[in-house]
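> take a look and give me a structure for this.
(chains A and B)
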Amino acid sequence: MLNIKELNVSVEEKQIIKDLSLKVGSGEVHAIMGPNGSGKSTIAHTLAGNPNYEVTSGKIDFNNEDLLNMDPSERSLSGLFLAFQYPIELPGVTNASYLKQIVNVHRKHNGDKPIEAGEFLKMLKEKSSKLNIPMDMHSRFVNAGFSGGEKKKNEVLQLDLLNPNLVIMDETDSGLDVDALKSTSEAVNQLRSSKRSFIIITHYLRLLEYIEPDYVHVFQEGSIIESGDKSLANKIDTEGYAY
Amino acid sequence: MTGSKTNNCSIIFSEKIDIKNAPDNLDIDLQLINDQITGYINVTKSKIDTIINITNLRKKHFNLNLNIYLDEDSFLGLRDESEYNFGSNIIIKSKMNKNSIFEYFRLNSFLKTTKNHFIHDIEISSNCEFRDFNFSNGSDEMHNKTSVSLNDENASYVGSGVMISNSTNSNNDLLIKHLSKSAKSDCSFKTVSRGVSRVSFSGKVFVDQDCSKTVSNQISKGLIMDETANINLTPKLDINNDDVICAHGAASGKPDESIIFYLKSRGIPHKQAEKIYVEGFLGEFLNKISNSEMQQKALKYISTHC
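Model prediction:
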């Protein structure tokens, strides 16, 4: 599904990612762990096409297409989804209106008609309920005044609405209390399938206790220094990144 | 007053002046002489809210000189959703007697090449509320000047202006005079400037020395969409009493690229992302409009002109 080959990425002329190579197969869950400033979020934003991140060399194939030739919106329509570490606020636009628009843009891409208001409301109720999101949150402006946990849940709700096949979760666990972490993880686990892959970026083991990864990669100074299974995450949790 | 029932009447300006369905509590006298419309609207107390819908169908420059008087405990809604394709010169003097409410909506479209001037002086008495909402797309020459005098205790002003300029110009001046204690004013101005637009907003709040317990908020924000566009926002405070709460803020700048990226990361194409962002920016204060029908019309205006 995803094949990153010898990728180098700079931000404001400072190299952050160095010769990174990573393969993610269909249905696999990869966890990327690493200390602050190791380049984890850079990978997430580079995959999503953030223009502030300059790819200086390397290649990324996504479903046999050249991801780097795609605009951020094309990447999303092709099935890539980034759950942001810091979701932006959009004053003046209600969450319901925003969610309906993102659903419809994907429906249009798939050749479907815009969703009927009643059908959308039903879908929104059902998916919000899984995440313990109260419906009145959707009449508020997008992320404006939301708590950290509400913002993260709203990200996972969007993931559920858009049905992507590659999900990058950038520190989705930060800002979540224990109950929210559990309900969010349960919702993510329900979305796991043989056709959907995940890259989970996190500092801590706690998210990976709920969402079992197939592979764990340790990131340091823009490169993967070690890969393994979940036992590697346990080792980091016990011994820290200086193990 | 301000119940759910409304009495809707209309004034249609064309080659003549048509006044339709005017209720008994409304006294309207308008004369059209030599392309100049002059007259008055007087409103007295009624159990049913009085709404006047204004329509301009004149095929020439629109000149209006109007006096509006609201009697004690009266309500007037004035709604103008007209196109001014030949320019306009509107001068209004209003006076609100105690416990009255005046709600003035202007959702107007102007032809770019026209000249448009609007002046409104309003005197507000005790326990009155003036709600003033103006949505405009500017023109080559446009001046909007509103002067609000909060003359008595608990007089209140709520105003919101939205200016969407696509290579048009507009100068917007708002003067709010707090002349008695415990009066309130709340003003917001938002603008989007594209192409070679020039938009200015000057919002002055004056608080007289005897005006304790004054509460005043003013915020103005602008989005500059092109290098050639210009926005000038100038808040001014002249406060002569210490026992007041007065806040003001002004900010203008380019669109926040991180918001555009966020929207694009959800599959929304660039142009649509920009439109959603701008509509949200302009619509941030629409919750000040308590009337849901007019709130929807304001939303539609923004969506159409963005």
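
> pLDDT averaged over stretch A:53-65 - what is it?
Stretch A:53-65 carries an average pLDDT of 96.

> cool, and stretch A:32-43?
pLDDT averaged over stretch A:32-43 gives 91.

> which parts of chain A are helices?
Taking DSSP state H to define them, one finds helices in chain A at A:40-48, A:72-77, A:95-109, A:117-130, A:148-162, A:178-191, A:206-210, A:230-239.

> and the third one, C-alpha only, in CSV?
Provided in CSV are the C-alpha atoms of helix A:95-109 (Å, rounded to 0.1, in the frame of the first residue of the first chain):
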residue,chain,number,x,y,z
ASN,A,95,-18.9,21.2,12.7
ALA,A,96,-22.0,19.6,11.1
SER,A,97,-21.7,21.8,8.0
TYR,A,98,-18.0,21.0,7.7
LEU,A,99,-18.4,17.3,8.2
LYS,A,100,-21.2,17.2,5.6
GLN,A,101,-18.9,19.0,3.1
ILE,A,102,-16.0,16.6,3.5
VAL,A,103,-18.3,13.7,3.2
ASN,A,104,-19.8,15.1,0.0
VAL,A,105,-16.5,15.9,-1.6
HIS,A,106,-15.5,12.2,-1.2
ARG,A,107,-18.9,11.1,-2.5
LYS,A,108,-18.5,13.3,-5.5
HIS,A,109,-15.1,11.9,-6.2
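
> now do it against helix A:117-130: the angle between them, please.
Orientation check (axes from the mean of the first three to the mean of the last three CA atoms, to 10 degrees): helix A:95-109 against helix A:117-130 gives 110 degrees.

> what comes up buried for helix A:95-109?
By 16 or more other CB atoms under 10 Å in any protein chain shown, the buried positions in helix A:95-109 come out as A:95-106. (C-beta placed from N, C-alpha, C; glycine too.)

> need the pLDDT of A:Tyr243.
Looking at A:Tyr243, its pLDDT reads 64.

> picking up where we left off before, closest one to B:Glu81 among the helices of chain A?
Closest to B:Glu81 of the helices of chain A is helix A:95-109 (CB to CB; 23.1 Å).

> what residues does the closest one touch?
A:73, A:76-77, A:90, A:113-115, A:120, A:123-124, A:137-143, A:154, A:157-158, A:161-163, B:266-269, B:272, B:276 (CB atoms under 8 Å, 6 or more residues apart in numbering or on different chains).

> do the same with stretch B:251-258
A:51-52, A:88, B:220-225, B:231, B:233, B:274, B:277-278.

> which of those fall within helices?
Among the contacts of stretch B:251-258, the residues falling in helices (DSSP H) are B:274, B:277-278.

> can I get those in CSV with distance to B:Asn137 and neighbour count?
Shown next, in CSV, are those (distance: CB to CB, whole Å; neighbours: other CB atoms under 10 Å in any protein chain shown):
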residue, distance to B:Asn137, neighbour count
B:Glu274, 18, 18
B:Tyr277, 19, 23
B:Val278, 13, 20
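
> with distance to B:Ala183 and pLDDT added, can I get these in CSV?
Listed next are the ones in helices among the contacts of stretch B:251-258 as CSV, based on distance: CB to CB, whole Å; pLDDT from 0 to 100:
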residue, distance to B:Ala183, pLDDT
B:Glu274, 40, 94
B:Tyr277, 36, 95
B:Val278, 34, 95
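
> ok, of these, which one's closest to chain A?
Chain A has its nearest neighbour among those in B:Tyr277, at 7.2 Å by CB to the nearest CB.

> so the closest one sits right up against B:Ile260, yeah?
Yes - assessed by CB atoms under 8 Å, B:Tyr277 is found in contact with B:Ile260 at 6.3 Å.

> from chain A, which residue is nearest to chain B?
A:Gly92 (3.2 Å).

> mind pulling up the pLDDT for that residue?
pLDDT for A:Gly92: 89.

> so where is the chain shaky, pLDDT-wise?
I'll assume chain A. Across chain A, residues meeting the criterion (pLDDT under 70) sit at A:243.

> my question was about chain B, not that one.
For chain B, the stretches with pLDDT under 70 are B:1-4.

> how about the residues of it that lie near chain A?
When proximity is defined by CB under 8 Å from any CB of the partner chain, chain B lies next to chain A at B:256-259, B:261-270, B:272-273, B:276-277, B:279-284, B:286.

> mind checking which of these are buried?
With burial judged by 16+ other CB under 10 Å, the buried subset of these is B:259, B:261-269, B:273, B:276-277, B:279-284, B:286.

> can you lay out the helices of chain A as TSV showing distance to B:Ser10?
Below are the helices of chain A laid out as TSV (distance: least, CB to CB, whole Å):
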stretch	distance to B:Ser10
helix A:40-48	53
helix A:72-77	45
helix A:95-109	32
helix A:117-130	32
helix A:148-162	44
helix A:178-191	53
helix A:206-210	62
helix A:230-239	71
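
> quick one, which of the ones you listed is nearest to B:Ile52?
Among those, if distance is taken as CB to CB, the winner is helix A:95-109, at 31.7 Å.

> mark which of the contacts of stretch B:251-258 are part of strands, please.
Here DSSP state E is the test, and the contacts of stretch B:251-258 give B:220-224, B:231, B:233 as lying in strands.

> take these and write them to CSV, including distance to B:Asp29 and neighbour count.
Below are these laid out as CSV (distance: CB to CB, whole Å; neighbours: other CB under 10 Å):
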residue, distance to B:Asp29, neighbour count
B:Ser220, 37, 24
B:Lys221, 41, 21
B:Gly222, 41, 25
B:Leu223, 43, 22
B:Ile224, 45, 19
B:Ile231, 41, 23
B:Leu233, 40, 20
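
> which of those residues sit farthest apart?
So, the ones in strands among the contacts of stretch B:251-258 by CB to CB: farthest apart are B:Ser220 and B:Ile224, at 13.5 Å.

> mind checking which of the buried ones among the residues of chain B next to chain A land in helices?
Short answer: those in helices (DSSP H) are B:259, B:261-264, B:273, B:276-277, B:279-283.

> tell me where the stretch 151-300 of chain B has strands.
With strands called from DSSP state E, counting those that start in this stretch, the stretch 151-300 of chain B shows them at B:156-166, B:169-178, B:184-194, B:198-207, B:214-224, B:230-239, B:244-253.

> helices or strands next to the fourth one in the packing?
With contacts defined as 3 or more CB pairs under 8 Å, 6 or more residues apart in numbering or on different chains; DSSP states H and E, strand B:198-207 has these neighbours: strand B:156-166, strand B:169-178, strand B:184-194, strand B:214-224, strand B:230-239, strand B:244-253.
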